[in-house]
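In: using only what follows, build the 3D model:
(2 chains)
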Amino acid sequence: MSEALDLSLREQAAAIATGEVDAAELLEATLARIEERNPALNAVVETFPERSREMLAAAPAGPLHGVPVVIKDEWPLPWRAQRFGAAEMLATVEPGESGPYRALRDAGAVIVGVGNMHELGAGSTGNVSVYGPARNPWDSERCPGGSSSGPAAAVAARLVAGSVGADGIGSIRYPAAYCGLTGLKPTFGRSAMDGHHMAAVSTTIVSGALCADAADCRLLDSALFGEELVAGDAGGLRIGVIAGEVSEDVDPAVREACESAVEDLRRETGGTVREVEIPELAVATLATILIANSESLGGVTPERLNDLDPELSPLARGLLKFRVLLPAIATVKSHQIRTIARRAVASLFEEVDVLVCPTVPAVAPPLEAPVVELPSGTLSADEANVRGGALANLTGIPAISVPVGSAEGLPVALQLQAAWGRDELLLDAAEAIERANGRRWVEATPPPARGAEPLEA
Amino acid sequence: MEAANTPDDFIQAGLAAYGIEADEVDLAVIGAAHQLFWPAILELVALDTSQAPAERNPDLSQAPPR
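Out: Residues are numbered from 1 along each chain as shown, chains lettered A, B, ... in the order given. Sure thing, here's the model as predicted:
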């Protein structure tokens, strides 16, 4: 059964459909693997074997029939309310059928566990959580990325072949990059979002898949979208490399790997490459942060801020109080900047099909000190990562992170962004990159994964 | 009314106005966040965006209307 555990998501689905693999045996083996590998990673914070067995017993003959998956601690389940990685959420939550839960259930998937996440979704590193930090399977002293830290670490360590995360400002793409996975941030509103405690107010958060490669993301995201994401042809792809610090203030090894991947993509698709400017990018990043932070203020009152759970991290406590001081004029202007940025990228997408830049400017930093060294100096990983991650959430466009190399034995990733609704094109382009490099980086597996191939630059 | 002279004045006065309590650790975190974000916020606030009204109820799943 350990061979079945190491199959891709689509291979597991196909093997169950043909009877080659017994879904009940796969479920038990998955639970045993989580027990074996998870203590070193803290990727999965809760399993519920009986609930999983019940889910399997009732699973319809969908495209993911019997396939085990992990879901981030950001979505309620009928038997468990989300905790958002925090001792306190400043929101009322209860168990229920969230959109991602229903999408997975209706596709026949089996939820085997809840994935860890960065506290309150408020970090790109995953090093802070009420459950303790999740750890990066490539190096357990390194950050797995956040906020979907557990879903990423669980797939990278092959506890499961696919997981569901959420992305409000890069929270699928950063952990995908740090853990060497493919992660799609869908077009806003295209994937299941019902039941999220911020569904009614958030204009940045979406659900999305984290998997080893683009084909698996296509399958899992099809379930989350409620429609098949049909494979197409990225032939003649017009590639726009985003100029400026997002591509240039980057660790040299990351820059080199990403430039090489862009050339691979151009060659594989018979496409073209040009540099493009997004002059509003720096202010757009700030606007994204201000909009996302203001949207989470609905549950805040001075009384609640004066009675925060003592287990909430000091950083979260301070930042929750800081948010109250953000000026309304800045939020109003942020919405104007959003319109300017949306028009700017819409105009760019008349000239190029995808915008590319490194997903993150440096490899996963240490858990104990999540800072990165860039040509401009030392920056917190959060400050550095948001430069490339925010635009897609501000504008609503889809984005994907694709593993394209390694540095210091850790994964390096390229981000591609496309126009609204062109999620399928991003998957096509990711597959073109995989073909061009012989699937070297999507098939590389970290030490905890059995049969691991060490990463080599 | 006198303007706050330093970020510390602003932070403490702002929190006090809401009746929000803050200990030394809270103030250190808020001060660091203020130092990080405030210069950029001031630049954003100084932008003349009067010619760029925000979309009304933007449909973020679509490109903006031309």
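
In: CA atoms for contacts and neighbours, from now on please.
Out: Fine.

In: ok, whatever residue of the stretch 101-250 of chain A ends up closest to chain B - contacts?
Out: Among the residues of the stretch 101-250 of chain A, A:F188 lies nearest to chain B; the distance is 5.0 Å by C-alpha to the nearest C-alpha. The neighbourhood of A:F188, defined by C-alpha atoms under 8 Å, 6 or more residues apart in numbering or on different chains, consists of A:203-206, A:393, A:396-398, B:60-61.

In: what parts of chain B come near chain A?
Out: By C-alpha under 8 Å from any C-alpha of the partner chain, the part of chain B that sits against chain A consists of B:11, B:14-15, B:18-21, B:25-30, B:33-34, B:40-41, B:44-45, B:49, B:52-55, B:60-64.

In: distance between stretch A:413-423 and the chain's centre?
Out: Mean-position distance between stretch A:413-423 and its chain equals 13 Å (C-alpha atoms, centre = their mean, to the nearest Å).

In: equivalent analysis for stretch A:390-397, please.
Out: Relative to its parent chain, stretch A:390-397 has a centroid offset of 14 Å by C-alpha atoms, centre = their mean.

In: contact partners of that stretch?
Out: A:167-170, A:186-188, A:203-205, A:281, A:284-285, A:287-289, A:338-339, A:341-342, A:398-399, A:417-421, B:60-62.

In: now, the residues you listed that are in strands?
Out: Residues from the contacts of stretch A:390-397 lying in strands, with DSSP state E as the criterion: A:167, A:399, A:417-418.

In: which of these has the most neighbours?
Out: Neighbours here are counted as other C-alpha atoms under 10 Å in any protein chain shown. On that basis the top member of the ones in strands among the contacts of stretch A:390-397 is A:A399, with 32 neighbours.

In: my read: that one touches A:Q415, true?
Out: Yes. Taking C-alpha atoms under 8 Å as the contact criterion, A:A399 and A:Q415 are neighbours in contact, 6.7 Å apart.

In: contact partners for the residue nearest to the spatial centre of chain B?
Out: Centroid-nearest residue in chain B: B:I41, 5.9 Å away (criterion: C-alpha atoms, centre = their mean). Taking C-alpha under 8 Å, 6+ apart as the criterion, B:I41 is in contact with A:286, A:330.

In: quick one on the thing from earlier: out of the contacts of A:F188, who's nearest A:R158?
Out: Of all the contacts of A:F188, the one with the least separation from A:R158 (C-alpha to C-alpha) is A:V206, at 24.0 Å.

In: report how many residues lie close to A:G388.
Out: 26.

In: ok, B:L47 next?
Out: Other residues lying near B:L47 total 10 when counted by other C-alpha under 10 Å.

In: show the contacting residues for the closest residue to A:A156 other than its chain neighbours.
Out: Nearest residue to A:A156, sequence neighbours excluded (C-alpha to C-alpha, 6 or more residues apart in numbering or on different chains): A:C179, at 6.1 Å. Residues in contact with A:C179 (C-alpha under 8 Å, 6+ apart) are A:136-138, A:144-145, A:152-153, A:156, A:410-411.

In: same for the helix or strand bottoming out on mean pLDDT in chain B, what does it pack against?
Out: Each helix and strand of chain B was given a mean pLDDT (mean pLDDT, DSSP states H and E); the minimum falls on helix B:7-18 at a mean of 89. With contacts taken as 3 or more C-alpha pairs under 8 Å, 6 or more residues apart in numbering or on different chains; DSSP states H and E, helix B:7-18 sits against helix B:24-46.

In: buried sites along the helix it packs on?
Out: Neighbour-count burial for helix B:24-46, counted by 16 or more other C-alpha atoms under 10 Å in any protein chain shown, picks out B:26-31, B:33-34, B:41, B:44-45.

In: can you list the residues you listed in CSV and add pLDDT?
Out: Output for the buried residues of helix B:24-46, formatted as CSV (pLDDT from 0 to 100):
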residue, pLDDT
B:D26, 96
B:L27, 95
B:A28, 95
B:V29, 95
B:I30, 96
B:G31, 95
B:A33, 94
B:H34, 94
B:I41, 95
B:L44, 94
B:V45, 94
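
In: what's the local residue count around A:P310?
Out: Other residues lying near A:P310 total 10 when counted by other C-alpha under 10 Å.

In: again with A:A344
Out: For A:A344, the number of neighbouring residues by other C-alpha under 10 Å comes to 18.

In: so it makes contact with A:I278?
Out: Yes. Counting by C-alpha under 8 Å, A:A344 touches A:I278, with 7.3 Å between them.

In: let me see the mean pLDDT of stretch A:172-183.
Out: The predicted model gives stretch A:172-183 an average pLDDT of 98.

In: tell me the span between the first and last residue of it.
Out: The distance separating the two terminal residues of stretch A:172-183, taken as C-alpha to C-alpha, to the nearest Å, comes to 6 Å.

In: what's the answer for stretch A:265-279, then?
Out: Using C-alpha to C-alpha, the end-to-end distance of stretch A:265-279 comes out at 25 Å.

In: contacts for that stretch, please.
Out: So stretch A:265-279 is in contact with A:234-244, A:344-345, A:348, A:429, A:432-433, A:435-436, going by C-alpha under 8 Å, 6+ apart.

In: how does it look with 6 Å?
Out: Taking C-alpha atoms under 6 Å, 6 or more residues apart in numbering or on different chains as the criterion, the residues outside stretch A:265-279 that touch it are A:234-243, A:433, A:436.

In: enumerate the residues of the stretch 201-350 of chain A near chain B.
Out: Applying C-alpha under 6 Å from any C-alpha of the partner chain, one finds that the stretch 201-350 of chain A approaches chain B through A:302, A:306, A:318, A:322, A:330, A:335-336, A:339.

In: spatially, which two of these are the most separated?
Out: With distances taken as C-alpha to C-alpha, the most widely separated pair in these is A:N306 and A:T339, at 36.1 Å.

In: with neighbour numbers in mind, choose between these two.
Out: Neighbours of A:N306 and A:T339, each counted by other C-alpha under 10 Å, are more numerous for A:T339; the result is 21 against 14.

In: follow-up on the earlier one: check the residues of the stretch 201-350 of chain A next to chain B against A:G226 and report the nearest one.
Out: A:T339 (28.6 Å).

In: identify the residues contacting that closest one.
Out: When contacts are counted by C-alpha under 6 Å, 6+ apart, A:T339 touches B:A54.

In: roughly how far does it sit from B:W38?
Out: In this structure, A:T339 lies at 22 Å from B:W38, with C-alpha to C-alpha as the measure.
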